[in-house]
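Asker: one predicted model, sequence on top.
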Amino acid sequence: MSQYQDNNNNLNKEKIKDEEIDEFERSLNSTSLVDVARDIKNSLHGGETKIVNGDKILLILTDGLGWNVFHETGLQECQKIRSVFPTITVTVMTTLLTAKSPGEHGILGWKVYDKRRGKVVDLLSAIRNGETPEISMPPSYLRGEESVFITPLSGSSKRLFSTLVGAHVRNYFTPYDSLSVLRQSLPEKRFAFFYLPYVDTVSHHYGPSSPETAETVREVSKIAKKAMEIGKSNGFTVVLTSDHGQIDVEKNVDISRDQEILDNIEVPPFGDSRNLMIISRHDVSETFKKYETYIFGKETLSKYAGGNRVPDYAVVPKGRTTLNYWIDDSMDYKGNHGGISKDEMEIPLCVT
């Protein structure tokens with residue numbers, strides 16, 4: 001049974017039975033994306049592995065493909081694993097490319113706290129605007145000349161991978177030419193990353209339980225299966241996985257005008273709307289009591305994120321709610337992620 005509010009932060013000491021927390025804590029002992037990333041690193045550099053073996057790796061990442069929609073793919077002989085917390089794309093990408101947990105690399109969402117400049121930086125906005133964020137990114141284990149990233153031309157993925165790794169990025173224009181670009185990119189490479197963002201995009205706008213998302217999963221799976229065949233025919237061990245699943249959002253809550261929150265925090269919240277990261281000298285459990293949330297103090301947050309590069313608190317909405325301090329288009333999303341629920345955490349892993 002989990003006590004999700006830390007004693008050392010003078011939070012409520014009562015142990016509250018909560019199925020979601022119990023399930024999340026039990027999952028911490030299962031195979032995770034950190035394990036997958038470490039195996040890929042060891043495969044490429046001659047270390048010991050348990051899940052992934054091979055001196056050439058094709059990693060196919062289907063963004064937003066949670067285990068709750070995976071049955072639509074028709075893929076066989078795959079296993080269920082867990083993502084990392086927070087379940088945010090940039091957090092997962094950093095883990096996959098550094099083989100470090102979020103609590104080790106410190107990228108806990110798209111909005112990060114830049115301690116040197118004393119401000120919250122929106123990584124996604126900066127990358128989209130062609131800026132180089134002044135954030136200390138951890139080094140990748142990948143060697144640039146041996147690696148290639150295949151991503152859509154539209155969106156921010158090219159700049160994201162260049163920022164995280166400094167690697168060579170090749171773009172495709174549409175899903176229909178993506179396989180051709182993949183095929184052309186593999187010669188003389190030991191690591192290739194093939195990124196398919198479409199399930200995530202559709203889930204955000206229609207919800208993960210929608211027929212639109214189910215149809216997208218089926219169509220994207222056709223591409224993923226062909227990509228697996230291309231990788232195998234070129235001598236690659238193929239790893240197909242995802243970064244997170246999504247929940248169907250029932251309520252988006254605007255907390256940007258909540259004066260009590262502003263009075264009790266040192267800097268604006270960062271992270272994302274399903275995982276607000278808080279720096280505060282105060283006990284914030286009462287501050288957020290009006291919202292249905294879990295409050296993780298630093299000790300628990302370090303445990304859940306896998307390291308000590310974490311703030312004082314994380315505020316995680318219960319159920320199917322988001323808490324929005326930074327008001328943007330995501331307030332209209334019908335699907336979202338970032339939290340600890342089963343639908344957000346559980347993802348597939350296929351290794352061939």
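Answerer: Great, that's in hand. Numbers count the residues shown, from 1 in each chain.
Asker: show me what contacts Arg170?
Answerer: 148-151, 181, 184-185 (C-beta atoms under 8 Å, 6 or more residues apart in numbering). Just so you know, the C-beta spots here come from the backbone N, C-alpha and C atoms, and that holds for glycine as well.
Asker: please redo it, this time with the cut-off set to 10 Å
Answerer: With contacts defined as C-beta atoms under 10 Å, 6 or more residues apart in numbering, Arg170 is in contact with 148-151, 153, 158, 181-182, 184-185, 192.
Asker: Phe296 bridge partners, please.
Answerer: In this entry, Phe296 is beta-bridged to Ala314, by DSSP bridges.
Asker: that one and Asp328: what is the separation?
Answerer: Using C-beta to C-beta, to the nearest Å, Phe296 is found at 24 Å from Asp328.
Asker: who has more neighbours out of these two?
Answerer: Shown here are Phe296 and Asp328; by other C-beta atoms under 10 Å, Phe296 has more neighbours (30 against 12).
Asker: pretty sure the more buried one sits against Gly339.
Answerer: No: applying C-beta atoms under 10 Å, one finds Phe296 not in contact with Gly339, separated by 11.1 Å.
Asker: joint contacts of the two?
Answerer: Joint contacts of Phe296 and Gly339 (C-beta under 10 Å, 6+ apart) are 85, 275, 314, 316.
Asker: my read is the last one is in a strand, agree?
Answerer: The reference is to Val316. Yes: per DSSP: H, G, I helix; E, B strand; the rest coil, Val316 lies within a strand segment.
Asker: OK, contacts around Trp326?
Answerer: 110-111, 120, 122, 125, 255-256, 268-273, 276.
Asker: just the ones of these in helices?
Answerer: Using DSSP state H, the subset of these located in helices is Ser125.
Asker: Ala214 and Phe70 touch, don't they?
Answerer: No: in this structure, Ala214 is not within contact of Phe70 by C-beta under 10 Å, at 11.1 Å.
Asker: higher neighbour count, the two?
Answerer: Phe70 (21 against 17).
Asker: give the contact list for the more buried one.
Answerer: 62, 78, 80, 217, 221, 242, 245, 346-348, 350.
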